[in-house]
Each structure stands twice: as structure tokens, then as C-alpha cells.
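Trainee: need coordinates for the following:
(one chain, ligands or ions: 2)
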Amino acid sequence: MTPTALSLFDTMARQQRPFQSIENNTVGLYACGPTVYDYAHAGNLRTYLFVDTLRRVLSLNGYQVNHVMNITDVGHLTSDADTGEDKMEKGARKQNKSAWEIAQYFEHAFLADLEQLNILTPTTICRATEHIQEQIDFIAQLEEKGFTYQTRDGLYFDTSKLAEYGQLARLDKTGLEAGIRVDMAEKKLATDFALWKFSGEQERQMEWPSPWGVGFPGWHIECSAMAEKYLGEQFDIHVGGEDHIPIHHTNEIAQCQAKNGRIQANYWLHGFFLQLNKEKISKSGTSLRLEALIERGFEPLAYRYLTLTGHYRSHLSFTWESLQGAQTALKRLRNKVTKLADGGQIIDEYQQRFFQLINQDLNMPKALALLWEVLDSGYSSQDKKATALFFDQIFALDINHVEQEKVPEDVMQLALQRLAMKQQKRFAEADKIREQINQLGYQVADKGDKFDVSAL
Ligand code: AMP
Ligand code: ZN
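Mentor: Ligands and ions are numbered 1, 2, ... in the order given. Sure thing, here's the model as predicted:
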């Protein structure tokens, strides 16, 4: 069987393009990672779930994926205009810890979230603070080529020197120059951005010497420098959330174009936002972190299921009702799959249709619907299971996981009372309690002086 060829929506081209890797069956994938000054929220996690799905689809197509993700542990300012505070230093002050402690703590929390969501660990995780020299070297080359200028507060990238600036976002430069009021700091143009910021009078915990003065790198330079270090000047796919299109990815591209004369990635993919009442979700509103979902009784994979019900290029609205719906669907799915017999073959017809969907720019909502169709089809129990498990390599929902129904507390109390009655040889009363337990939808099985309670 030849599966449908993979095609992906490339933001740079504004259209779906057949995927062609640079080198045979390997793919270099760079995903912009988190800024670790706070917990990730469900929105951030939607983006990492999308990246994971992309990676799994590439793998199922036979590619070996070299997945690199950075950790922004310095230099991301609270304003995209290169003013405001460093998010790490601000977080540290707020929580009365060192910036290093904050970074380590939230990186750890983030990686734990990924694991709970069955997100594969990137092949390389690289921290900005551990690649300061690479960033300084990169900036030095930009300076040598005449793309920088210095002000009192830092070294800036001069976007007027790069004719192609803003291609990814289709930025209208003239519009921006004349445009609405933006915080210019000491920049010449609104689109110029910091490569290196000076510590100046500020008391900072994270700072390094550089040819331009003591300070810290701008946010965009870490990705250009680390992507080049781990994937080379030219690699296959660069991904991130949709908010990265106008600023972060635009500026990453500018740096690479200026230094190497070309755009670093061949495909640019962007995950659309998760929204809460049509609004942006902010990190400071921590009510939507994964732990909060778990505390409300949701399984992390129910959230994964929910994200699969929307295409990554559409906004997804978060509601507790839709999460409940996803959890119920996931349980039903597992109940169906675990009842099927082992030892079957993947059904060819469904395998082909599955590839048609996932390879058309990751059409997960339809692929998920196809899974339900398989389970309701007339094929043998064994073949349905083999096909479902094949699909789950992409969904990663642990659909073969046997649901352990938690027995309610009142049922457990009744079972204990019944045991006591039996031990006192008050059998009529014990039988009455057994009936009560049955009426609540449970059954007790005696095992010597112990018992088992399960759903009827
Ligand atoms: P940050 O830690 O703020 O740098 O964000 C980490 C990732 O989450 C980036 O790729 C963002 O584009 C993405 N992101 C931020 N907010 C949302 C949201 N509401 N929905 C989906 N992705 C988001
Ligand atoms: Zn980045």
C-alpha cells in the first residue's frame, strides 16, 4: 500500500505544500519552547500537543525526526517592543526566589505536564542560558555584516537593512513605520528588535559579559543560534503558536537571512490558539493549568482528546462541558477497544483512509471520527483492535487502557458493613446489604475474609 503523500500548510507560502525533506528519511524539526517563569496553561499545551501530533505523523510516514525544543530561561521581556522587565527576573521577585530557581522549577513542571499528556520528549532540549556564547557569536556576525546599531540600552537589529523583512507575516513596513503608537524604546524603527540588552543600572541576577557590555540576550536570538547549532543553517520544519508569526518568527528569520543569506526552515507551521470565552488565555490566570484540570477530576488525556477534536489551524474554545464530553468519549472508546480480541491485522481500507486524513495537513478531527467508524464497522473483533491500536500511535490516547472504575465511598461502606454482618453470622442482614449494593450498580464477590467490589 502506498499511503497518501504528506502535505502541510506552510504559513510562509500561505498554502498546503507537499512535504519534501532535505535529507531522505530524516526531518529536522525546531519547536519554540516555553518561557519558564510560570506554569504552562492549557493553551500553551495545545501548541505542544499539536507539535507532538506532527512529530508522530512524520514518524508514521517513515521519517526519523530530530526534534529540538528550546527553553527560554532568560531574556523574554514583558513587552514585545523590547521594553519592560525580563519575565524571569520579574517572576523571581514575585516569588522571592532566584531567577535560576524559578527557571528550573517551571521547566520541571512543564516537562512533567508533557509526560502526563503523552507528549514525546524532544530529542534535544536546549536552554538559552547554556548557549550564551553561541548567541554572542551569532550577534557578532550580524554586527560584522552591518545589521546592527547600538543605543544606550542595547544592541539592536536594523530591519531597514533587510529588504525581505516581514515576509512571513506579510508585514507592511511603511504602515508600521508610520503606524499606530508603539513603544519605541530607543529603536529607530518599530520593527527593529533587541539582540543584546545592557543590564545598565538594573540589579539583575542573570547577566553575562559581551563585546558590547554586560547584559543578556534578546529573546529571538536564542532560537536562531540554537536551531543552527543543533539542526544546521537549513532544516525542514519550524513550528510555534500563531502569535509567533508577526514578531518572534519574523525576527528569527531576519537574523538568519541577514547572517546566512537564506530562510532557515523550509516549512513554517503554526498552531492556532485555545480560547476562553473568545479571549486570550494568560499565564497569570493559572486556573487553566493541567493540575487544575486534574483537580477537577479530569484525566490529562481527556484534554488531549479534546484538542484532537479541533483542527490545529482553527481556534478552539475551551469549556468545562467540552472537556467533560471528551472525557466521556475517551472512556467509551477504551471500553470498546479493551473488549476486542487480540491478534488481528490492520484493515487496509481504514489504514488508507487514515493516511488520507492525517497526511492532509493533520486532519485529526476526521481521523478521530474514522476511529469510531472502525469500531462500529462489521470487521472482526481482532482486526478492529489492530486497526484502532495502529491509529493510536498518532492519537496517543492509551485507548487500550483498562478503565479502573473507582468504587464510590458509600458502596464501599455498605460492603464493609456486609462483611461485618457475615462475620457475626447475621446472614439475612448481610443479604439485604448485598441487594442494596446491587441496586447501586455494583456487585460484591467474597474472597475468604476479604471481598472485591466491581461494577455490575
Ligand atoms: P510561552 O511560554 O508564552 O513562550 O508560550 C509557549 C507556546 O505556547 C508558544 O508556542 C505560544 O505560541 C503558545 N501559546 C501561547 N498561548 C496560547 C494559546 N492560548 N493557545 C495555544 N498556544 C498558545
Ligand atoms: Zn523561537
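Trainee: how far away is the most centrally placed residue in the chain from ligand 1?
Mentor: For the chain, the residue nearest the mean C-alpha position is Tyr48 (1.0 Å; Cα atoms, centre = their mean). Counting by Cβ to the nearest ligand atom, to the nearest Å, the gap from Tyr48 to ligand 1 is 7 Å. C-beta: built from backbone N, CA, C; applies to glycine.
Trainee: checking that residue next. Helix, strand or coil?
Mentor: Here Tyr48 takes the helix state, with states given by DSSP: H, G, I helix; E, B strand; the rest coil.
Trainee: dump the residue contacts of the one residue in the chain that gets nearest to ligand 1.
Mentor: Proximity of the chain to ligand 1 (Cβ to the nearest ligand atom) peaks at Gly241, 1.9 Å away. Residues in contact with Gly241 (Cβ atoms under 8 Å, 6 or more residues apart in numbering) are Cys32, Gly43, Asn44, Thr47, His270, Gly271, Phe272, Phe273.
Trainee: if I've got this straight, the fifth one is in a strand?
Mentor: Read that as His270. Yes: assessed with three-state DSSP, His270 lies in a strand.
Trainee: what sits against it?
Mentor: By Cβ under 8 Å, 6+ apart, the residues touching His270 are Thr11, Val239, Gly240, Gly241, Glu242, His244, Ile245, Arg313.
Trainee: before we move on, what about Gln15?
Mentor: Phe9.
Trainee: where does Val27 fall, phi/psi-wise?
Mentor: Dihedral angles of Val27 (phi, psi; degrees, to the nearest 10) stand at phi -130, psi 130.
Trainee: quick check on the contacts of His270: which are buried?
Mentor: Thr11, Val239, Gly240, Gly241, Glu242, His244, Ile245 (16 or more other Cβ atoms under 10 Å).
Trainee: who touches the residue nearest to the first one when sequence neighbours are not counted in this structure?
Mentor: This means Thr11. Nearest non-adjacent residue to Thr11, counting by Cβ to Cβ, 6 or more residues apart in numbering: Trp268, 4.4 Å away. By Cβ under 8 Å, 6+ apart, the contact list for Trp268 reads Asp10, Thr11, Met12, Leu168, Ile237, His238, Val239, His249.
Trainee: and which of those is nearest ligand 2?
Mentor: Distance to ligand 2 across the contacts of Trp268 (Cβ to the ion) is lowest for His249, with 6.9 Å.
Trainee: secondary structure class for the closest one?
Mentor: helix.
Trainee: where does it sit relative to Leu306, distance-wise?
Mentor: Here His249 is placed at a distance of 26 Å from Leu306 (Cβ to Cβ, to the nearest Å).
Trainee: one more: Val214?
Mentor: Per Cβ to Cβ, Val214 is found 46 Å from Leu306.
Trainee: try Asp158
Mentor: In this structure, Asp158 and Leu306 are 44 Å apart, going by Cβ to Cβ.
Trainee: for Thr121, same thing?
Mentor: The span separating Thr121 from Leu306 equals 22 Å under the rule Cβ to Cβ.
Trainee: ends of stretch 18-32, what's the gap?
Mentor: Length of stretch 18-32, first residue to last, Cα to Cα, to the nearest Å: 23 Å.
Trainee: Ala369: which element?
Mentor: Using DSSP states H and E, Ala369 maps to helix 364-375.
Trainee: wait, I meant Val453
Mentor: Assigned by DSSP H and E, Val453 falls within strand 450-455.
Trainee: which secondary structure elements does that strand sit against?
Mentor: Contact partners of strand 450-455 among helices and strands, from 3 or more Cβ pairs under 8 Å, 6 or more residues apart in numbering; DSSP states H and E: helix 409-423, strand 442-447.
Trainee: now the next helix or strand after the longest one and helix 409-423, what's the angle there?
Mentor: Helices and strands here follow DSSP H and E; after helix 409-423, the next one along the chain is helix 427-439. Here the directions of helix 427-439 and helix 409-423 differ by 160 degrees (axes from the mean of the first three to the mean of the last three Cα atoms, to 10 degrees).
Trainee: buried residues, helix 427-439. List them.
Mentor: For helix 427-439, by 16+ other Cβ under 10 Å, it's Ala430, Ile433, Arg434, Ile437.
Trainee: what number of residues lie near Gln133?
Mentor: Neighbourhood size, Gln133 [other Cβ atoms under 10 Å]: 11.
Trainee: for ligand 2, tell me whether the host helix or strand of it is touching it.
Mentor: Using DSSP H and E, Gln133 maps to helix 132-144. No: judged by Cβ under 5 Å from the ion, helix 132-144 makes no contact with ligand 2; its nearest approach is 12.5 Å.
Trainee: which residues sit against that helix?
Mentor: Identification of contacts with helix 132-144 by Cβ under 8 Å, 6+ apart yields 128, 148, 155, 157, 195-196, 208, 210-211, 217, 221-222, 224-226, 228-229, 255, 258-259.
Trainee: okay, and which of those map to helices?
Mentor: Here DSSP state H is the test, and the contacts of helix 132-144 give Ile221, Glu222, Ser224, Ala225, Met226, Glu228, Lys229, Gln255, Ala258, Lys259 as lying in helices.
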